[in-house]
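[1] After the sequence you'll find the predicted model.
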Amino acid sequence: MKDAGVTAVCLFSRGHHGWCYYPTKVGEKHPNLKRENLLGEQIEALKSVGIVPSIYTTVCWDELQVSKHPEWVCLRENGQIMKMNPLTGESLSPFDPGWTFLCWNSPYRDYVLSQSVEVCFMYPDVDYLFVDILFNDEPCCCPYCLERMKKHGLDSNNPKDREKNSLDSAREFMEFLNNGVHSVVPDMPLFYNSRLRVTGSIEKGTKPELQYLGVIIVESLPSGPWGYEYFPLFARYFQNFPQKMMGHTGKFQKMWGDFGGLKNQVALDYEVIRMMALGVVASIGDQLPPSGQLDSATYDLIGHTYNRVSRVEEHLIGSKPIDEVAIMLSNKEIRVFNSELDAEKGAMKMLSQLHYQFSFVDEESDLSSYTVLILPDIITVDGDLAEKLKKYMERGGKILASYQSGLNSARQWAIDGLDLDIKGEYPYKPYYVYPGVKLQSEGIIEKTDHIQYLGGMEICLDNDTVANKGIEVLATITNPYFNRTWDHFCSHLQTPPNERTDIPEMVFNGENIVYFSSMKFSCYNKFSSKCDRNMVEYGLDLLMSKKIIVSDLPSTAEVTLRQSPVENGPVVLTVIHYVPQRRTDTIDIIEDVIPLYDIHFSVKVNRGITSVADADTKTSIDFVRKDDRVEFVLSKIEGYRVILFM
């Protein structure tokens, strides 16, 4: 591990099968354990070479306790036991291999507390306690949960009340476990896996639970059910919270339990530098085989990645974002197996491919540092948020909105600076977009009718208002011949375009608001039409003078600009170029590094710059300073480069 560049390791005290790996008086030691105190010996071995240990335990999955206490098992609303396939999230029968859920409202909670307190008391100087699997596949309806709902005046027949019971009792359990552990080790940080949720709903999200999290760890094995889009979405939201953050991938070709499946070196390189480029500590998961013998090929793989990135990590881990755009989260939620955040993911893809610097925010976030706020597709503007947006714009902020974003609960436009008459959903779905003179003359999109697969809103602008206030209609709607139905259809997909109208699709108020009537971002997430991305980019160009990073990088590259955590440290530019391919039916594969050559950059850096250098090789890079921008050329980017502005 030392040779592989490992600096910290998380060790099992108890696993999902329920056995403990140390001399426990609370649980049961693994019956085939050859070492009397495997956990304790591992901790001492790591500490002897300067590697920091931490400890793992589990909550809702413990097959030993399931067999001993079936009365503690979670039940679905139909009375079936709650059991799931961790690869797919599908429900399982009692005869399928998979994990059965235990309820944290049952007496099992006391067992979890006792085991966690015991192991923390025995090993108090570890880095943190990782508490895994604090979730239910769906709200539990066991007798203990039914009793709790009755006690708190909740209707167990109401799905929303069952969800509230699950949420409230999980938070009670976190407080219960924190208090117990801290009674013996007051400064022990705890992390509850499965509790991180990216959503604009403050109450249902992670914010009320931050008080229980000593660290934030984003589990995301891209070759598992998470995919390559999951981690950056979480990191770009949680990067603005005070806790230190760790990313968590794995050495496996697929995911946990894929013994013998070794990830491609290039893929692991990409996943680790991508975490660090967003300021995040990079963790790589392995599983100790029953023999207890570490696999040398695994640590050759890990060592290649860690030892290379160690030369640049001091300026990346803990760095702070330098962002220009914020994306507002809706009240929907991203989940491992079923994400609802189509619009947010579409916006993330667009901005990543266009190389904007951005974060995800919620309605409580501080917006003052962002030039533009994107409201993607379904952000309802009521009450406090309406007032917040008004103040944001009064201070010079700009807004780009689409579809139902910007409307209040009464489905009326609610943002000052643009008067839109909202007629309702557009009667044709899908419809087409036709570019106006500017979009045509500037080559933004081709002079034709472009499909909008998901439809949109019908809006109206008063002609006198348009003329007097300088509002520009930059694109309009073209109707199809008819809506496609079972008894009235043409060809295999949508009906062809027919009548061009003057109904607006893209509107600019001439100052600080761009609005699209279609579901621009959800549509891009599902279909990735370059027309949609080009129109959004044009809208952003109208709202900001020049983006922070201008380059001739391809859209496959990723780029971040951050402030080094080192005292009086440099501004750090990280450029990454790896290309995932869908070579299987289920996962994306990265095998080859495709170098880039002679890439020109113009980067806005609001500070005096005396040198530009490669963080890895320490080689100086020639640059030219033009006003507040630094211009230079990178002759070669092979995988990634980290550049320091000092």
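    Good, I have the coordinates.

[2] pLDDT of the lengthiest strand in the chain, averaged?
    What stands out as the longest strand in the chain, according to DSSP state E, is strand 497-508. Averaging pLDDT along strand 497-508 yields 97.

[3] Same question for stretch 307-319.
    Per-residue scores along stretch 307-319 average to 97.

[4] on that earlier part again, how about residues contacting the longest strand of the chain?
    418, 420, 426, 432-434, 436, 439, 449, 452, 456, 458-461, 471-481, 513-518, 535, 539, 542 (CB atoms under 8 Å, 6 or more residues apart in numbering). For the C-beta atoms, the positions are set from N, CA and C on the backbone; glycine is no exception.

[5] are any of those buried, and which?
    Buried members of the contacts of strand 497-508, scored by 16 or more other CB atoms under 10 Å, are 418, 420, 426, 432-434, 436, 439, 449, 452, 456, 458-459, 461, 471-472, 474-480, 513-518, 535, 539, 542.

[6] Of the residues you listed, which belong to helices?
    Among the buried ones among the contacts of strand 497-508, the members found in helices (DSSP state H) are 439, 535, 539, 542.

[7] If we only consider those residues, which is nearest to residue 267?
    Proximity of those to residue 267 (CB to CB) peaks at residue 535, which lies at 33.1 Å.

[8] Helices along the stretch 501-646 of the chain, start to end?
    520-527, 530-543 (DSSP state H, counting those that start in this stretch).

[9] mind putting those in a markdown table, distance to residue 178 included?
    Converted to a markdown table, those look like this (distance: least, CB to CB, whole Å):
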| stretch | distance to residue 178 |
| --- | --- |
| helix 520-527 | 37 |
| helix 530-543 | 43 |
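
[10] highest average neighbour count across these?
    Greatest average neighbour count among the helices of the stretch 501-646 of the chain goes to helix 520-527 (a mean of 24), per mean count of other CB atoms under 10 Å.

[11] and for it, what are the contacting residues?
    For helix 520-527, the external contacting residues (CB under 8 Å, 6+ apart) are 342-347, 349-350, 374, 376-377, 402-403, 452-454, 529, 532-533, 535-536.

[12] So for it, mean pLDDT?
    Rounded mean pLDDT across helix 520-527 is 97.

[13] about what we covered before: relative to residue 555, tell me which of the helices of the stretch 501-646 of the chain wins on proximity.
    Nearest of the helices of the stretch 501-646 of the chain to residue 555, taken as CB to CB: helix 530-543 at 8.5 Å.

[14] Packing partners of that closest one?
    Here helix 530-543 touches helix 342-354, strand 398-402, strand 497-508, strand 513-516, helix 520-527, going by 3 or more CB pairs under 8 Å, 6 or more residues apart in numbering; DSSP states H and E.

[15] Just the residues contacting the second one, thanks.
    Residues from elsewhere that reach strand 398-402 (CB under 8 Å, 6+ apart): 343, 371-377, 379, 389, 392-393, 406, 415, 512-521, 536, 539-540, 543-544.

[16] so where is this structure shaky, pLDDT-wise?
    Applying pLDDT under 70 to the chain flags the ranges 464-468.

[17] How is it divided into domains?
    1-195, 323-543, 550-645 (automatic domain parsing).

[18] In TSV: those domains, plus distance to residue 251.
    Rendered in TSV, the data for the domains of the chain read as follows (distance: least, CB to CB, whole Å):
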stretch	distance to residue 251
domain 1-195	11
domain 323-543	19
domain 550-645	14
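
[19] Among those domains, which comes closest to residue 311?
    With CB to CB, the closest approach to residue 311 among the domains of the chain belongs to domain 550-645: 4.9 Å.

[20] first to last residue in that closest one, what's the distance?
    Domain 550-645 has an end-to-end distance of 16 Å (CA to CA, to the nearest Å).

[21] do the same with stretch 287-296
    Stretch 287-296 has its terminal residues 13 Å apart, counting by CA to CA.

[22] Show me what counts as buried in that stretch.
    Of all the residues in stretch 287-296, those buried under the rule 16+ other CB under 10 Å are residue 295.

[23] count of residues packed around the nearest residue to residue 331 once chain neighbours are set aside?
    Leaving out its chain neighbours, the residue that sits closest to residue 331 by CB to CB, 6 or more residues apart in numbering is residue 201, at 4.2 Å. Residue 201: 15 surrounding residues under other CB atoms under 10 Å.

[24] How much space separates residue 201 from residue 134?
    To residue 134, residue 201 is 19 Å away according to CB to CB, to the nearest Å.

[25] ditto for residue 535
    Taken as CB to CB, the span from residue 535 to residue 134 is 42 Å.

[26] Next: residue 600.
    Per CB to CB, residue 600 is found 48 Å from residue 134.

[27] So for the two, which sits in the more crowded spot?
    Remark: of residue 600 and residue 134, residue 134 carries more neighbours, 21 against 12, as counted by other CB under 10 Å.

[28] ok, back up a step: tell me which of the domains of the chain approaches residue 312 most closely.
    Residue 312 sits nearest to domain 550-645 of all the domains of the chain, at 4.2 Å, using CB to CB.

[29] what's the residue nearest to residue 73 when sequence neighbours are not counted in contact with, if anything?
    Nearest residue to residue 73, sequence neighbours excluded (CB to CB, 6+ apart): residue 81, at 5.2 Å. The contact partners of residue 81, by CB under 8 Å, 6+ apart, come to 73, 74, 75, 94, 100, 101.

[30] Restricted to strands, list the buried ones among the contacts of strand 497-508.
    Those of the buried ones among the contacts of strand 497-508 lying in strands (DSSP E): 432-434, 452, 458-459, 472, 474-480, 513-516.

[31] what are the bridge partners for residue 246, then?
    Under DSSP bridges, the beta-bridge partners of residue 246 are residue 217, residue 281.

[32] Can you name the residues that contact it?
    With contact taken as CB under 8 Å, 6+ apart, residue 246 is in contact with 215, 216, 217, 218, 280, 281, 282, 283.

[33] Of the contacts of residue 81, which is the most crowded?
    That'd be residue 74 among those, by other CB under 10 Å, with 28 neighbours.

[34] Pretty sure that one sits against residue 136.
    Yes: between residue 74 and residue 136 a contact is recorded at 5.7 Å, counting by CB atoms under 8 Å.

[35] Overlap in contacts, those two.
    Here residue 74 and residue 136 have 60, 82, 101, 103 as joint contacts, going by CB under 8 Å, 6+ apart.

[36] ok, so of those, who is nearest residue 573?
    For the shared contacts of residue 74 and residue 136, the residue nearest residue 573 by CB to CB is residue 60; the value is 42.2 Å.

[37] nearest spatial neighbour of the closest one, skipping sequence neighbours?
    Here the residue nearest residue 60, using CB to CB, 6+ apart, is residue 133, at 4.5 Å.

[38] The one you found: neighbouring residues, count only.
    When neighbours are counted by other CB under 10 Å, residue 133 registers 19.
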